[in-house]
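*Asks:* everything below, folded, please.
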Amino acid sequence: MELSQRIRKMVHNSLKPLILTLALLLTVTACGGGSPAFTEQVATGGRVVYQQNCASCHGLQGEGQPGWQITQPDGRLLAPPHNDTGHSWHHPDGLLFGIVKNGGASLNIPKFESGMPAFGEELTDEEIRSVIEHIKTLWQAGQRESQAEISQNFPFPE
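*Replies:* Numbers count the residues shown, from 1 in each chain. Below you'll find the predicted structure:
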C-alpha cells in the first residue's frame with residue numbers, strides 16, 4: 001500500500017468517530033434537546049462512544065468480565081454484563097444515567113465498593129444517553145419493554 005493510501009486510510013479512520021458523534025449531536029438537537037427519542041442514529045452514535053469508553057471493561061458485546069459476580073480481594077466486583085444476560089435492564093434510565101455520569105460510588109450502598117468510574121467529565125449528557133440507548137439494543141424485546149416501564153418513574157434527567 002502506498003504512503004498516500006495509508007495516510008488517507010488513517011485520516012478516514014480517525015475522523016469516523018468524530019463524524020458519528022456529530023451525527024449523534026445533530027440527531028439529539030433535531031429531537032429538541034432534553035431526552036433524545038430513541039433512533040437508530042442515537043444508538044449507532046452510542047455504540048461508538050460505548051466502544052471507546054466502556055468496552056474495555058464491559059466487553060464489545062456487553063458481555064462483562066468473567067467472574068463479575070465474585071467479590072474480588074479488594075471488595076469490588078468486576079464489570080457486569082450489559083447485554084441480555086446481565087441486570088442493567090432491571091434499572092431505570094435515570095439510575096443508569098447517574099451511574100455512568102457520577103460513578104458507582106454515587107449509589108452510596110453500604111458495604112459495596114464499586115469500580116465503576118464517573119464519566120461526567122469525559123462525556124456529555126447526550127453521549128451518556130446515547131450509550132444507554134446502545135446498551136438497550138443488546139437486550140431482548142421483553143427486557144426493553146420492562147425497562148421502559150420502570151423508567152417512567154425515573155427517566156433520564158431533563
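
*Asks:* tell me the pLDDT at Glu126?
*Replies:* At Glu126, the pLDDT value in this model is 95.

*Asks:* I'd assumed it was in a helix, is it?
*Replies:* Yes - assigned with DSSP: H, G, I helix; E, B strand; the rest coil, Glu126 falls within a helix.

*Asks:* is the spatially most central residue of the chain part of a helix or strand, or is it coil?
*Replies:* Of all residues in the chain, the one closest to the mean position by CA atoms, centre = their mean is Val131, 3.0 Å from it. Taken by three-state DSSP, the conformation at Val131 corresponds to helix.

*Asks:* and if you look at Glu63?
*Replies:* Applying three-state DSSP: Glu63 is coil.

*Asks:* can you tell me how far the closest residue to it other than its chain neighbours is from Trp139?
*Replies:* In this structure, Glu63 finds its nearest non-sequential neighbour in Pro81, 5.2 Å apart by CB to CB, 6 or more residues apart in numbering. Glycine gets a C-beta too; all of them are placed from N, C-alpha and C. Using CB to CB, to the nearest Å, Pro81 is found at 11 Å from Trp139.

*Asks:* what do the two both touch?
*Replies:* Residues touching both Pro81 and Trp139 (CB atoms under 8 Å, 6 or more residues apart in numbering): Ser88.
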